[in-house]
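Novice: below are the sequence and a predicted model for it; my questions follow.
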There are 4 protein chains.
Amino acid sequence: MIIELERGRQATLDQIRDLAVRFGNRVELSEGTGVYDTVHIIGDSREFASRESYILGLPGVRAAWQPTGGYKNIARVVRGNEGKALHRERRVVEVKGLDGKARRFGGGNGKHIFVCGPDSPQTLEQTLATARMAREVGEKFGILDRVMLRGGAFKPRTRPTDWRGLGMKGIAIMDAAREETGLPYVTEVMDHNLVEQIGAHADMLQIGTRNAQNFDLLESVGRFGKPVILKRGFGNEAEEWFYSAEYIANQGNLDIVLCERGMKTLYTKGGYCRNQPDLNACTHARKQTILPIIFDPSHVAGDHRIVAENLMAACGHLVDGSITETVHTEAWRREQLCDAGQALVMDQYSILVEAVLEYENHVAPKMKSILRMLGTD
Amino acid sequence: MIIELERGRQATLDQIRDLAVRFGNRVELSEGTGVYDTVHIIGDSREFASRESYILGLPGVRAAWQPTGGYKNIARVVRGNEGKALHRERRVVEVKGLDGKARRFGGGNGKHIFVCGPDSPQTLEQTLATARMAREVGEKFGILDRVMLRGGAFKPRTRPTDWRGLGMKGIAIMDAAREETGLPYVTEVMDHNLVEQIGAHADMLQIGTRNAQNFDLLESVGRFGKPVILKRGFGNEAEEWFYSAEYIANQGNLDIVLCERGMKTLYTKGGYCRNQPDLNACTHARKQTILPIIFDPSHVAGDHRIVAENLMAACGHLVDGSITETVHTEAWRREQLCDAGQALVMDQYSILVEAVLEYENHVAPKMKSILRMLGTD
Amino acid sequence: MIIELERGRQATLDQIRDLAVRFGNRVELSEGTGVYDTVHIIGDSREFASRESYILGLPGVRAAWQPTGGYKNIARVVRGNEGKALHRERRVVEVKGLDGKARRFGGGNGKHIFVCGPDSPQTLEQTLATARMAREVGEKFGILDRVMLRGGAFKPRTRPTDWRGLGMKGIAIMDAAREETGLPYVTEVMDHNLVEQIGAHADMLQIGTRNAQNFDLLESVGRFGKPVILKRGFGNEAEEWFYSAEYIANQGNLDIVLCERGMKTLYTKGGYCRNQPDLNACTHARKQTILPIIFDPSHVAGDHRIVAENLMAACGHLVDGSITETVHTEAWRREQLCDAGQALVMDQYSILVEAVLEYENHVAPKMKSILRMLGTD
Amino acid sequence: MIIELERGRQATLDQIRDLAVRFGNRVELSEGTGVYDTVHIIGDSREFASRESYILGLPGVRAAWQPTGGYKNIARVVRGNEGKALHRERRVVEVKGLDGKARRFGGGNGKHIFVCGPDSPQTLEQTLATARMAREVGEKFGILDRVMLRGGAFKPRTRPTDWRGLGMKGIAIMDAAREETGLPYVTEVMDHNLVEQIGAHADMLQIGTRNAQNFDLLESVGRFGKPVILKRGFGNEAEEWFYSAEYIANQGNLDIVLCERGMKTLYTKGGYCRNQPDLNACTHARKQTILPIIFDPSHVAGDHRIVAENLMAACGHLVDGSITETVHTEAWRREQLCDAGQALVMDQYSILVEAVLEYENHVAPKMKSILRMLGTD
């Protein structure tokens, strides 16, 4: 830990030293060029750092700073032999379908995984129609092993009177869609009591933005062990997001896919998009963690007419996949009870998939050669 | 619902009209002065409005707007006789202590309720010492019926390796503090499975900022029926906060105290406070809802040295009370495992209580006469 | 103008009606479904709307709303014949070089313009070297008519003691770079007294983020008439940016190129990028205005190692060009006095240009066919 | 300067050392407990630190950090004898009226200065009426030496078609108001060419939020030497605000009054206030600088009905004064062309002044004794 202290604050320095000694550390002082000195706590300072807010409250202390990140289970750079920095291998998260194919998120292979489907299944007919079209898209481009389904049966809603999904009936519909198409599916779980019940059906669980710091749920999903998509909380800084992933990883489950879904900022006031995507956080996640990162253009946009731009923008940051709301035809849009305006019609989605594949083939290799030159690949 | 539509978009207008007819509404068009017209949906348009995002996606639609708020259980202004606006009476939330006195939050009585105590009980000795001093402060100023305790036994922590409180042992310590002093206490509940178990002990429950949109928990607390402090989620707009309260109220529990605890903004970057208080949201809540509003200066500040300024600032917005972290002596601060730096020592807190009482006596009456002139009291 | 008014507020309604009559408007009332009615001001309500804040202060008024945008000189959708909405043609902004070629920004032609060069010219040698390499990149890919130079001789600096550029000596260096390469250049002007002096040399002027609402400067550049790049102020909403452009346009100069350069948000706290790009504002500008939009990945990133990702992300939003800081070799980076860390070395920039061209050829056509289907092209 | 570097990055360390040697510094390395080491640059590292962005771009560098603030002319804590931290005396900014009395801002005397008057003078009659009432308020409470006038003759407006004030005719009206009442006045200057012309009349100049980083204007006002109110730019962090003050101070003018006027945040979306006040920045300014700090409740609120709450909140942070828009009667409000809704009627303002004085007498002494105990007075 590093502490910035006003010069001449002997009493505070003594208190810091006492505390350091108590935790087996020693203190070194470097004189600054201005009126602040820098106090180093030498040795393993984690226990010492747990008193951070006490230290910050001492007279003359301007700042205190713990250099090392604490999300060690998912960190990309860790302490290796003789204390040297080591870059760990990236994690590949696999989700197998009934068709026997594994969807492989991440690992730096540059293969975008396409998760699509309705916001929430309302009828069997509608869900099957969308699922079949998802399968067709996969077949058309020869990427069936990169397509999977999404659909929320349990919906978090800001207003208590809004529709909250079909519950276990919705799960049954998703099961039927999987049966019919062979595609695996992901669905949201909001209550840690339901992790086992929903998890017995779904191929992958999702933790939504409002539950990104519901720690009981995170640990429950961590213990359960199935692959999970962790959305970033819309008020969370990147570090807080990584710590939420660490909650899952800490229980032994490393099959975590991070998902950026847009942040609240003042610049969305004009109403031209619902949330402001923080794409640099995706790149940051790629550098700081071993986990795959995907992007949700639908919740960023809140309007299907800007979903395409947002997904292509995310490709610029080399995300490992996307999760996009789709409906099979324009006619179905008006029947949808939740987030209808942000769902893309499947034939538009199909062209968007093609655009991503073109990107992979023609643009991504150039990008990667730049990143290699920069040492940030 | 009101829709702003580009002139000459006949097809869209027809689609809107079809939908309106289907839900028993009719459509009226007002020509704007520019290139947009305004489409009115006449009649009870709630069902129609549930298709908002579909409508927003139609060609030529620039905006859609539903004038009425949806949190009717807690709203201050409601639809009265012949559709006229009616101002409901403010809600008084009562919490009784073993001393037989009721702490009465809100109702526009201008009497600040002082909730104080440790962030989390760590030892019986320390908690009792703080509780006794809280009682002394109440006695000293003759406001024992306005003092109560706080203390978190279950702590939400961003990092999985941080200390998470004593659990039910912490609850037992709080019970002992109540036994000793007669003061009632509030404590946080994070898991809806534990509402009954914790609620059997505590006099008041608290829902923390990270769970402000944990809807299962909100409904569970709503069903349980005990008074509850609802902190605003740190990424939540005021309306979202009110809707979270509505989740509780919808289950029949109106004993809700809203608590502002600071928002994340970019202006806290410099590190001079942890969160930026949104005091105008307190005034907004006073106008929009019947619920009492209190303020948490400790989590706003993140540093005990600016707690006093922040609490007095909130008094400018006529809040109904405050919840402040306190420790009994400076020496105990360094023993604290969580948020030590933000806890105020009791003898400083005592002067702060005095300052609030002076404010009530000398300043608040002037404020109220201005608000009466403005019709905003 | 549309006003939302609590039902039963007759006195306020009378005041609104009086004001309307005074400005030659009439009032129409639509009953809402809740407790608010909607008051329409019929006729040309611009004068009436200038009293907006008076109206908002009347008892019972919840909101007032003027449907039409006010930046009519640059608006894409305007009031046409019989009041119908008309889509104007997009503006092409031309900047000619000594090489006789015109760089054409915008117009929906899909040809990205590449503006590059040092943050600020420090020596003739260094600037010429970078300029020559810019020319080589243009020749290599056969896009010389899409390359131009940038370089700031007058630098706005947050701290008064920081280096502020070479002034007119820097302009002379940029002149020399143009002489040598034939490429036109853009440079920043901060003082409206210097518009004519700098404008006599430069091919295009730039208004920086700190001066985005320096209205004297905007009008001065508007009167001068040369093409101008208008950066968005880092605290400005999209509408404010458009109004700043309208200040220039209002003086008869429509040769304006809008430039997004990143916003301050709380999510940049972690330090993983300097500013958060608001790419959806680029798409919004494309829909709301006729002006070309370019992107500045260097000031967004604040770090050359994430410039490539950010530029490719902007391509997802189909921007018309970019302005990127470049240095010719790694060795020169450490000599730079301002923003050294964000400048990309020319051989990396060259691959990035290639990536953009690949994007234009392979990905953009797919994007455009989606946008055509959606009617947002 | 302090640099955080991944362990084992010898090449980067060598580059840092080379640079340090070149600027007369030396390097010391402290091993961290994780995978990052800390590199100290010893000696006067200001020149070295000017290469910050180069350093941040080196492989393995995670962060670089310069401990000392750079706004030395206005800093409260400076480097004293033998390098010890010294607290400088607070600055008192005096503005004399024709009545021979000096309005004294700051210095820690706890006497609130009340600046009031119309947003902008429109007619002589209206301005005189408001000015006379301001004088009456001063006389009524025996604080004539704490009252002064405000009025903007040159108005910055987001939209080019909005009314921009009367210009020099408005200045003549303010002169007449001063002549009649003896009260000095402050007025905004936007163009550095007009500093001398306006400054020849006004008793104090104001730099508005949109010009907070118009460096030519700052330096021009600095050279001119009259007292100045410097509003914080609405997108500026506290440090950037202090640096803007430093621009003025650097030219030899220390008669600067800082003014907080509200920030843009996402939480103002609901429309319940125009800007979110950052009151903790006022407290931060009190600790970091010697300058007086005042508060503008009118531009924060954007609605006269919440001006009182906001001003009293600022008193909680012990600001040295306020600048409030007032009109003399309700009837005049509707005539006002700019910001009518935020102006408080004088008889309401009079009660508000009384509330502030009650605060000074009864509450502030308690606050000060807490701050003395904490060492933050």
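Specialist: Cool, got the structure. Numbering: from 1, shown residues only, chains lettered A, B, ... in the order given.

Novice: ok, the closest residue to residue A:221 other than its chain neighbours to chain D distance?
Specialist: In space, and not counting its chain neighbours, residue A:221 is closest to residue A:228: 5.2 Å by Cβ to Cβ, 6 or more residues apart in numbering or on different chains. Bear in mind the C-beta positions are built from the backbone N, C-alpha and C, glycine included. According to Cβ to the nearest Cβ, to the nearest Å, residue A:228 and chain D sit 27 Å apart.

Novice: which residue packs closest to residue A:58, ignoring adjacent ones?
Specialist: Nearest non-adjacent residue to residue A:58 (Cβ to Cβ, 6+ apart): residue A:12, at 4.6 Å.

Novice: residue contacts, that neighbour?
Specialist: Shown in contact with residue A:12 (Cβ atoms under 8 Å, 6 or more residues apart in numbering or on different chains): A:5, A:58, A:59, A:60, A:61.

Novice: narrow these to those in strands?
Specialist: A:5, A:61 (DSSP state E).

Novice: now for the contacts of residue A:12: which two are most distant?
Specialist: Across those, the two members that end up farthest from each other (Cβ to Cβ) are A:5 and A:59, 9.5 Å apart.

Novice: more neighbours, the two?
Specialist: residue A:5 (26 against 14; other Cβ atoms under 10 Å in any protein chain shown).

Novice: what sits against that one?
Specialist: Residue A:5 makes contact with A:12, A:13, A:16, A:36, A:37, A:38, A:39, A:60, A:61, A:62 under the criterion Cβ under 8 Å, 6+ apart.

Novice: which residues does it form a beta bridge with?
Specialist: Going by DSSP bridges, residue A:5 is paired in beta bridges with residue A:37, residue A:61.

Novice: got JSON lines for the contacts of residue A:12, with pLDDT too?
Specialist: Converted to JSON lines, the contacts of residue A:12 look like this (pLDDT from 0 to 100):
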{"residue": "A:5", "pLDDT": "87"}
{"residue": "A:58", "pLDDT": "85"}
{"residue": "A:59", "pLDDT": "86"}
{"residue": "A:60", "pLDDT": "85"}
{"residue": "A:61", "pLDDT": "85"}
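
Novice: ok, back up a step: quick check, nearest of the contacts of residue A:5 to chain B?
Specialist: residue A:62 (8.4 Å; Cβ to the nearest Cβ).

Novice: quick check: closest non-adjacent residue to the closest one.
Specialist: residue A:4 (4.4 Å).

Novice: low-scoring stretches of chain A, by residue?
Specialist: Applying pLDDT under 70 to chain A flags the ranges A:32-34, A:43-44, A:65-70, A:79-83, A:269-270, A:334, A:336-340.

Novice: show me the domain layout of it.
Specialist: Domain ranges of chain A: A:2-87, A:93-371, per automatic domain parsing.

Novice: scan chain A for its longest helix.
Specialist: Ranked by residue count, the top helix of chain A under DSSP state H comes out as helix A:124-140.

Novice: got the CA coordinates for the helix or strand following it in PDB?
Specialist: Once helix A:124-140 ends, the next helix or strand along the chain (criterion: DSSP states H and E) is strand A:147-150. Extracted in PDB, the C-alpha atoms of strand A:147-150 (Å, rounded to 0.1, in the frame of the first residue of the first chain):
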ATOM      1  CA  VAL A 147     -25.200 -20.000 -32.800                       C
ATOM      2  CA  MET A 148     -27.200 -20.400 -29.600                       C
ATOM      3  CA  LEU A 149     -30.600 -19.200 -28.200                       C
ATOM      4  CA  ARG A 150     -31.600 -16.800 -25.500                       C
END
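
Novice: around chain C, which positions in the stretch 101-250 of chain A sit nearby?
Specialist: Residues of the stretch 101-250 of chain A lying near chain C by Cβ under 8 Å from any Cβ of the partner chain: A:237, A:238, A:239.

Novice: re earlier: where does the residue nearest to residue A:58 sit: helix, strand or coil?
Specialist: Using DSSP: H, G, I helix; E, B strand; the rest coil, the structure places residue A:12 in helix.

Novice: distance of it relative to chain C?
Specialist: To chain C, residue A:12 is 27 Å away according to Cβ to the nearest Cβ.

Novice: picking that back up, give the contact list for the residue nearest to residue A:221.
Specialist: Counting by Cβ under 8 Å, 6+ apart, residue A:228 touches A:204, A:205, A:206, A:207, A:221, A:248, A:253, A:255, A:256, A:257.

Novice: ok, whatever residue of the stretch 1-150 of chain A ends up closest to chain B - how many residues close by?
Specialist: Taking Cβ to the nearest Cβ, chain B has its nearest neighbour within the stretch 1-150 of chain A at residue A:53, 3.0 Å off. Using other Cβ under 10 Å, residue A:53 has 22 neighbouring residues.

Novice: quick check: it vs residue A:61, distance?
Specialist: Going from residue A:53 to residue A:61 by Cβ to Cβ, to the nearest Å gives 11 Å.

Novice: pretty sure residue A:368 sits in a helix.
Specialist: Yes. If the criterion is three-state DSSP, then residue A:368 is within a helix.

Novice: ok, which stretches of chain A are helices?
Specialist: Under the criterion DSSP H, chain A contains helices at A:10-22, A:46-49, A:52-56, A:124-140, A:168-181, A:195-199, A:215-224, A:238-249, A:279-288, A:297-301, A:307-316, A:330-333, A:346-358, A:364-374.

Novice: so what touches the longest one?
Specialist: Contacts with helix A:124-140, where a contact means Cβ under 8 Å, 6+ apart, come from A:114, A:116-118, A:121, A:144-147, A:149, A:151, A:173-174, A:176-178, A:180-183, A:326-329, A:332, A:335, A:346, A:349-350, A:353.

Novice: that older thread, in TSV: the domains of chain A, plus distance to residue D:373.
Specialist: Formatted as TSV, the domains of chain A follow (distance: least, Cβ to Cβ, whole Å):
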stretch	distance to residue D:373
domain A:2-87	11
domain A:93-371	34
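
Novice: deepest-packed of those, please.
Specialist: domain A:93-371 (a mean of 22; mean count of other Cβ atoms under 10 Å in any protein chain shown).

Novice: what's the span of that domain, first residue to last?
Specialist: 23 Å (Cα to Cα, to the nearest Å).

Novice: then stretch A:232-252?
Specialist: Using Cα to Cα, one end of stretch A:232-252 lies 20 Å from the other.

Novice: could you do stretch A:114-125 as well?
Specialist: For stretch A:114-125, the end-to-end distance is 22 Å (Cα to Cα).

Novice: repeat for stretch A:109-127
Specialist: End-to-end distance for stretch A:109-127, by Cα to Cα: 31 Å.

Novice: check whether stretch A:306-314 comes near chain C.
Specialist: Yes. Under the criterion of Cβ under 8 Å from any Cβ, chain C is reached by stretch A:306-314 at A:306, A:308, A:309, A:310, A:311, A:312, A:313, A:314.

Novice: which residue is the nearest non-sequential neighbour of the fourth one?
Specialist: Spelled out, it's residue A:310. Setting aside the residues directly before and after it, residue A:310 is nearest to residue A:297 in space (Cβ to Cβ, 6+ apart), at 4.0 Å.

Novice: many thanks, we can stop here.
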